[in-house]
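**Q** sequence-free structure coming up:
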């Protein structure tokens, strides 16, 4: 029972395909500055001005809007709005954006957008205020060399409440906001000397101080793409780059330098060039002395990709589930499989055909039970099901669950709920089960009893229990992390961490969570109090996080495809939020550097998986000690986050796809250290 669900919505993955990383220093949870507007919505607007009052008693407040587009992967245009209910009655506010035609040289808007909180609405009590964020993405083909102003029509719909909690539409308003946009292509950045005003230079040497000559250094940022510098006979390199200030953050974009030197441990260093500045960065490499070597021992065809994986604490049981093919059900019938196996020898305990693809699976700490949400799509069965290790169904949640009022939080009736995720407590006594609609249920499943139910803001993204089973921590689509008392359902604390959570990890000291919106922030909380210790605006949706056993380090990774960014895979000091190391890409393709990771028992090494293979890295130095490219040449990256590594790194299991006919097929590969 290690990882939590990372449900990546298909349409949003496409919509944000051109987003990119901008890197900042960690921000104190107490005093975030104005430039980190979308990191914390509670402080995102500085002295906002009243834009308009909608019918139904809703006031809209705005700030300046901005955007710089660097094809094909610059950050999107962000618009923040404060919304306040002055009606004296409870209101439901919905935000939408509609396609439009731009002005001047901007000819076409791709039509992709996202609005947050998710699912783009919010309940407001009388006098309550909250914040909305619109994220607008452009089609790179239409935006090449374009610049100008763009009008963004934003549609606001206000609802009131009638009897029995029904919503009544009160008004609808189109509010147009104008933003300035400028654009550059990566080709132009790499060739136009007028844009490349910063210089990166230095010497590449080994530990003895000897030059490493005639060696290419890979130079990357999300804005420039990939360029190369080459050392001369003395190990000296120099390259001109474009310094780019991210308007979203007000910070300069960072570059990574990764030498491609045979016989040396691969490592990446980070620099932050600014306009007309020269940065001298000398790089020292250590000779490769790695003793790691792995042999593939087995492969299990899971049909659909093994999207999510969980394991017990003894290293005897892993389970995977299929998700995210974007295919209709009739095309995946017989291929949607829950697979439960032994990670050491690949022995299959059992498999189950599932009625739908599902993003979530949970293995109990003792390995006795496997819990899965049985359906997420069009199936008529929406349950959480618990199996024993032999594949026998030992519990299924009732078909009818309490339906709660988002207005009062009280039960209104009973009915079918759409399952999202479920998790057993560490002692196996409790089942926390949550839905797409934001309902949370705590069950004494062995006695078939619902202990309590509660409402949160939008679909539940992650569930985690404290080690003593006294508290359960829930993140929701609206962006809150809430601590509930397991026995009573009483709310202990509630903290905003960012909408659309991707992954969460809990230790006795910390809760770490990453999201795919609200500035794609990475946040660490004090577990007991919920106080925000620090936030790092990684600017690209997270795919996974991991906390080291000694609770000193936090790993973060994203699944941004071929986009090269500083934060594909990196390690932070969990106490301070300081960025310690950026891990080098697994192979020369770059990209997808960190979809999932697992620390060794002594916290000195870390295994990181991407869509093509896995690598082992030294935590303190960031050096690559071993890499294994699993997929053969010509096969694309797989969208599977499945990774298991035993604490001693003797056994590694990863989900990949060696098929060429369809991206979302998959297999489990088993490796043993030699």
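**A** That came in fine, so what should we check first? Because the structure is predicted, anything quoted here is derived from the model rather than measured.
**Q** Distance from the chain centre to the host helix or strand of residue 331, please.
**A** Remark: residue 331 resides in helix 329-332, with elements defined by DSSP states H and E. From the chain centre to the centre of helix 329-332 is a distance of 27 Å (CA atoms, centre = their mean, to the nearest Å).
**Q** measure residue 446 to residue 228 for me?
**A** According to CB to CB, to the nearest Å, residue 446 and residue 228 sit 61 Å apart. In short, each C-beta sits where N, CA and C put it, glycine included.
**Q** for residue 485, same thing?
**A** Applying CB to CB to residue 485 and residue 228 gives a distance of 56 Å.
**Q** and if you look at residue 618?
**A** Taken as CB to CB, the span from residue 618 to residue 228 is 25 Å.
**Q** What about residue 187, how many residues nearby?
**A** Counted with other CB atoms under 10 Å, residues neighbouring residue 187 total 11.
**Q** quick one, strands of the stretch 101-250 of the chain?
**A** 113-116, 121-124, 129-136, 147-161, 167-185, 198-206, 216-221, 225-230, 236-241, 245-246 (DSSP state E, counting those that start in this stretch).
**Q** Least reliable of these by average pLDDT, please.
**A** Here the strands of the stretch 101-250 of the chain differ in mean pLDDT, and the lowest is strand 113-116 at a mean of 41.
**Q** show me the contacts for residue 55.
**A** 158, 170-171, 173 (CB atoms under 8 Å, 6 or more residues apart in numbering).
**Q** could you redo the last one with a cut-off of 7 Å?
**A** Contact analysis of residue 55 by CB atoms under 7 Å, 6 or more residues apart in numbering lists 158, 170-171.
**Q** next one: residue 553
**A** Shown in contact with residue 553 (CB under 7 Å, 6+ apart): 571, 574, 603, 619.
**Q** And it, how far from residue 464?
**A** 19 Å.
**Q** now residue 156
**A** 35 Å.
**Q** rewinding a little: can you tell me which of the contacts of residue 553 has the most neighbours?
**A** Highest neighbour count within those: residue 571, with 26 neighbours (other CB under 10 Å).
**Q** That one: which element?
**A** Assigned by DSSP H and E, residue 571 falls in strand 569-573.
**Q** List the buried residues in that strand.
**A** 569-572 (16 or more other CB atoms under 10 Å).
**Q** May I have the distance across stretch 361-369, first residue to last?
**A** 11 Å (CA to CA, to the nearest Å).
**Q** Sorry, wrong one. I was asking about stretch 421-430.
**A** 14 Å.
**Q** before we move on, what about stretch 277-297?
**A** Termini of stretch 277-297 sit 52 Å apart (CA to CA).
**Q** Which residues does the one helix or strand residue 493 maps to contact?
**A** Assessed by DSSP H and E, residue 493 sits inside strand 491-496. With contact meaning CB under 7 Å, 6+ apart, strand 491-496 is reached by 40-42, 471, 479-485, 525, 529-530, 532.
**Q** at 10 Å what do you get?
**A** 29, 40-42, 117, 130-131, 454, 456-457, 470-475, 478-485, 511, 513, 518, 521, 523, 525-532 (CB atoms under 10 Å, 6 or more residues apart in numbering).
**Q** Same check on stretch 280-287?
**A** Residues contacting stretch 280-287 (CB under 10 Å, 6+ apart): 199-209, 212, 215, 217, 231, 235-238, 255, 257-259, 261, 263-271, 618, 621, 623.
**Q** Just the buried residues of those.
**A** Buried among the contacts of stretch 280-287 (16+ other CB under 10 Å): 200, 202-206, 212, 215, 217, 231, 235-237, 255, 257-259, 261, 264-271, 618, 623.
**Q** Next one: the nearest residue to residue 354 once chain neighbours are set aside relative to residue 322, how far apart?
**A** Of all residues not flanking residue 354 in the chain, residue 336 sits nearest, at 4.3 Å (CB to CB, 6 or more residues apart in numbering). Per CB to CB, residue 336 is found 5 Å from residue 322.
**Q** what do you get for residue 62?
**A** Taking CB to CB, one finds residue 62 at 43 Å from residue 322.
**Q** same check, this time on residue 262
**A** For residue 262, the distance to residue 322 - CB to CB - is 39 Å.
**Q** between those two, who's got more neighbours?
**A** Under the neighbour definition other CB under 10 Å, residue 262 and residue 322 were set side by side, and residue 322 has more, 28 against 7.
**Q** is the closest residue to the more buried one other than its chain neighbours in a bridge, and if so with what?
**A** Ranked by CB to CB, 6+ apart and with sequence neighbours excluded, the top spatial neighbour of residue 322 is residue 304, at 3.4 Å. Taking DSSP bridges as the rule, residue 304 bridges to residue 665.
**Q** I'd say residue 304 and residue 332 touch.
**A** Yes - Residue 304 lies in contact with residue 332 (CB atoms under 10 Å); the separation is 6.0 Å.
**Q** Give me the common contacts of the two.
**A** 322, 325, 354, 357, 664.
**Q** between these, which is closest to residue 57?
**A** residue 357 (42.1 Å; CB to CB).
**Q** Residue 290 versus that closest one, what's the distance?
**A** 38 Å.
**Q** cool, and residue 395?
**A** Taken as CB to CB, the span from residue 395 to residue 290 is 46 Å.
**Q** re earlier: now the buried residues of strand 569-573 in JSON lines, with pLDDT and distance to residue 384?
**A** Output for the buried residues of strand 569-573, formatted as JSON lines (pLDDT from 0 to 100; distance: CB to CB, whole Å):
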{"residue": "569", "pLDDT": "89", "distance to residue 384": "32"}
{"residue": "570", "pLDDT": "91", "distance to residue 384": "34"}
{"residue": "571", "pLDDT": "95", "distance to residue 384": "34"}
{"residue": "572", "pLDDT": "95", "distance to residue 384": "33"}
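**Q** From those, pick the one nearest residue 656.
**A** When the buried residues of strand 569-573 are compared against residue 656 (criterion: CB to CB), the nearest one is residue 569, at 17.1 Å.
**Q** rewinding a little: shared neighbours of residue 336 and residue 322, which are they?
**A** Common neighbours of residue 336 and residue 322, counting by CB under 10 Å, 6+ apart, are 302-304, 354, 356-358.
**Q** now for these, which pair is the farthest apart?
**A** Once CB to CB is applied, these give 302 and 356 as the farthest pair, at 15.5 Å.
**Q** of those two, who's got more company?
**A** Remark: of residue 302 and residue 356, residue 302 carries more neighbours, 26 against 19, as counted by other CB under 10 Å.
**Q** Parallel or antiparallel, list what pairs with the strand holding residue 493.
**A** Applying DSSP bridges, strand 491-496 is found paired with strand 480-485 (antiparallel).
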